[in-house]
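Chemist: Generate a structure from the sequence data that follows.
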Amino acid sequence: MSDTSLLQLIWLASPALPIGGFSYSECLESSVDAGYVATESEASEWLADQLQLSLARSELAVLAQAIPAWRAQDHDRIAELNAWVLHTRESAELRAQTEQMGRSLLEWLRNHTTASAEQIQILAALQPTYPLAFALAAGSTTAPLRDCLLAFAFGWAENMMQAAVKAVPLGQSAGQRILSRLAAEIPGAVDHALSLTDETRQAFSPMLAILSAQHEVQYSRLFRS
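Modeler: Model (predicted):
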């Protein structure tokens, strides 16, 4: 991988990327309110389970197929994958998250040279979701596919760790221990995502869906999901 591609992946994985990822807890705040997560160990276990049972089988699996599709200019496949993401968000909050982050990353792409004007126009016409926008940004580099998925997963892990620090709440050292565990599990999750097909890719996390629906009417909230 070239230096430019490596730096681009680091940039895309950064919590400082202005796409709003910091404002979502992906139901972690609701799980705290419900009493499922109250300690460092419970937060660590919750996020590790979410990585393996949700992210690896859904967003990462889509990313593994979307990046090659962008590189091959397979626009029908890109539209199909984007529609799958939209149709499998199980609550209004989760759908709003992927749409908002997708739009924000699309605007970021308009101000960079990592994607062509034609690609940006194709994405804009799709009601873009975050995984498909990230796939375009990462796929426009020469980075290997597996490295692109590692960057996506680590960016997710950093945002979720920060959400745990704020919502539980936890100290920064506890947050770093949680991130260390997630970082150790990310390569295996990525390898699993790379092995999935259309028939085995899935978005079935009923507890997250229930908690997300409850979060919409939660009395006090720090996060948008």
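Chemist: The spatially most central residue of the chain sits in which helix or strand?
Modeler: Closest to where the C-alpha atoms of the chain average out (C-alpha atoms, centre = their mean) is W156, at 5.3 Å. Using DSSP states H and E, W156 sits in helix 145-167.
Chemist: Let me know the average pLDDT across that helix.
Modeler: Across helix 145-167, pLDDT averages out at 97.
Chemist: packing partners for that helix?
Modeler: helix 3-13, helix 28-33, helix 40-50, helix 59-71, helix 130-139, helix 172-195 (3 or more C-beta pairs under 8 Å, 6 or more residues apart in numbering; DSSP states H and E). For glycine as for every other residue, the C-beta is placed from the backbone atoms N, C-alpha and C.
Chemist: Which residues belonging to that helix are considered buried?
Modeler: 145, 147-167 (16 or more other C-beta atoms under 10 Å).
Chemist: How about stretch 5-16?
Modeler: Neighbour-count burial for stretch 5-16 flags S5, Q8, L9, W11, L12, A13 (criterion: 16+ other C-beta under 10 Å).
Chemist: Next up, the contacts around the second one.
Modeler: For Q8, the set of contacting residues under the criterion of C-beta atoms under 8 Å, 6 or more residues apart in numbering consists of T114, A137, A138, T141, A143.
Chemist: ok, and the most crowded of those residues?
Modeler: Highest neighbour count within these, by other C-beta atoms under 10 Å: A137, with 28 neighbours.
Chemist: For it, give me the pLDDT.
Modeler: At A137, pLDDT is 95.
Chemist: residues in contact with it?
Modeler: Q8, L12, L105, W108, L109, T114, A115.
Chemist: R77 and R71: what is the separation?
Modeler: Per C-beta to C-beta, to the nearest Å, R77 is found 11 Å from R71.
Chemist: whoops, I mixed them up, L7
Modeler: 19 Å.
Chemist: check which helix or strand covers L106.
Modeler: helix 92-110.
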